[in-house]
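Trainee: Here is my input, please return the structure:
(chains A, B, C and D)
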Number of protein chains: 2
Amino acid sequence: MRIRDSWEGDAFDPECPTRVILDRVGDKWTVLIIEILDDSPKRFGEIRRAIGGITPKVLTSTLRSLVADGLVTRQSFGEVPPRVEYSLTDLGRSLQAPVTALRRWAERNVAELIDNRDRQAEIDDAQAR
Amino acid sequence: MRIRDSWEGDAFDPECPTRVILDRVGDKWTVLIIEILDDSPKRFGEIRRAIGGITPKVLTSTLRSLVADGLVTRQSFGEVPPRVEYSLTDLGRSLQAPVTALRRWAERNVAELIDNRDRQAEIDDAQAR
DNA sequence: TCCCAATAGTATCTTTGAGGTACTACCTTT
DNA sequence: AAAGGTAGTACCTCAAAGATACTATTGGGA
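Mentor: Numbering: from 1, shown residues only, chains lettered A, B, ... in the order given. This is a model prediction of the structure:
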């Protein structure tokens, strides 16, 4: 996606930075991977096991795009069995602060949200009957 | 999704709060809608025009789920032509702070990310040839 | 009277991307 | 010779998102 050199702050234009970043971090796995890579490099299998429920195909493609965007580096040691380590770049590390803010909000507020959701589901149920 | 009453902080378990919230705000439109509803209630069409490129079907379903989760309220005035206003709940408003943090990061760092991405695309191109 | 504008959606079809399961290549160890 | 461990691929399915067109309602203008 092409971006203008200067930006005057219309956050709702399809080309705006916020949109680009939301497309980037707004998928199901990016944030989890970034949090996992926090302190030290991790191997493919380590990441996979740390995240429950990601398939290798999806992990591979997510990691590739993270590398392409310069958030993560990939280092392959020429060993057998293969060893590949992924770690955060400085850019990737700088993303951790806002991500952490979001996690904190999550930890404080999921309960209420789930509560609302369940209650709404009951209402929908009742209407269906 | 069912959530345990107490949580000990494994952010990578599929049932953890962070996962739930990421599934919630991690889609393409939620954050944009929350930012649009910031200051005042907005009508369906206003939201639609403010966000470039969302189809009415997707907007409808996103708004419904936001209402179900208690982040947004929907008020329908019995008028013709119809008038429906959406506004943030307190819970929805509380989500704005972390979302703003993410936007700030975006505004500071998209340029670099896009730059990396374009450079990688060139490399891929070269290898394809 | 008849038709149009305005609004909040629905309906239907196509496309995209994520998920599931199984498989490969490679060398080491037993 | 067989099994094990690792980083992925291949192929198929299915659900969600996107595109485009359509609906219901009624006050106002020709």
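Trainee: At the contact with DNA strand C, which residues of chain A appear?
Mentor: Residues of chain A lying close to DNA strand C (CB under 7 Å from any atom of the strand) are A:27-29, A:53-58, A:61, A:80-82. Where you see a C-beta, it was placed from the backbone N, CA and C, and this is true even at glycine.
Trainee: same thing but at 10 Å, please
Mentor: Residues of chain A lying near DNA strand C by CB under 10 Å from any atom of the strand: A:23, A:26-30, A:51, A:53-62, A:65, A:78-82.
Trainee: Give me the subset of those that also touch DNA strand D.
Mentor: Applying CB under 10 Å from any atom of the strand to the residues of chain A next to DNA strand C, one finds that A:Asp23, A:Thr55, A:Pro56, A:Lys57, A:Val58, A:Leu59, A:Thr60, A:Ser61, A:Glu79, A:Val80, A:Pro81, A:Pro82 fall near DNA strand D.
Trainee: Pull out the buried residues from those.
Mentor: The neighbour count (16 or more other CB atoms under 10 Å in any protein chain shown) marks A:Leu59 as buried among those.
Trainee: May I see the ones next to DNA strand D among the residues of chain A next to DNA strand C arranged in CSV, with distance to A:Pro17, secondary structure and pLDDT as well?
Mentor: Converted to CSV, those look like this (distance: CB to CB, whole Å; DSSP: H, G, I helix; E, B strand; the rest coil; pLDDT from 0 to 100):
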residue, distance to A:Pro17, secondary structure, pLDDT
A:Asp23, 11, helix, 80
A:Thr55, 31, coil, 93
A:Pro56, 32, helix, 95
A:Lys57, 30, helix, 95
A:Val58, 26, helix, 95
A:Leu59, 27, helix, 96
A:Thr60, 27, helix, 96
A:Ser61, 23, helix, 95
A:Glu79, 40, coil, 89
A:Val80, 43, coil, 87
A:Pro81, 41, coil, 91
A:Pro82, 37, coil, 94
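Trainee: can you redo the ones next to DNA strand D among the residues of chain A next to DNA strand C as CSV with distance to B:Val72?
Mentor: As requested, these are exported to CSV (distance: CB to CB, whole Å):
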residue, distance to B:Val72
A:Asp23, 22
A:Thr55, 33
A:Pro56, 37
A:Lys57, 35
A:Val58, 30
A:Leu59, 33
A:Thr60, 36
A:Ser61, 32
A:Glu79, 52
A:Val80, 54
A:Pro81, 50
A:Pro82, 48
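Trainee: And the ones next to DNA strand D among the residues of chain A next to DNA strand C, which two are furthest apart?
Mentor: A:Asp23 and A:Val80 (37.3 Å; CB to CB).
Trainee: re the thing from before, from the ones next to DNA strand D among the residues of chain A next to DNA strand C, which are also near chain B?
Mentor: Within the set of these, contact with chain B (CB under 8 Å from any CB of the partner chain) is found for A:Asp23.
Trainee: with the ones next to DNA strand D among the residues of chain A next to DNA strand C in mind, which one is nearest to chain B?
Mentor: For these, the closest approach to chain B (CB to the nearest CB) belongs to A:Asp23, at 7.0 Å.
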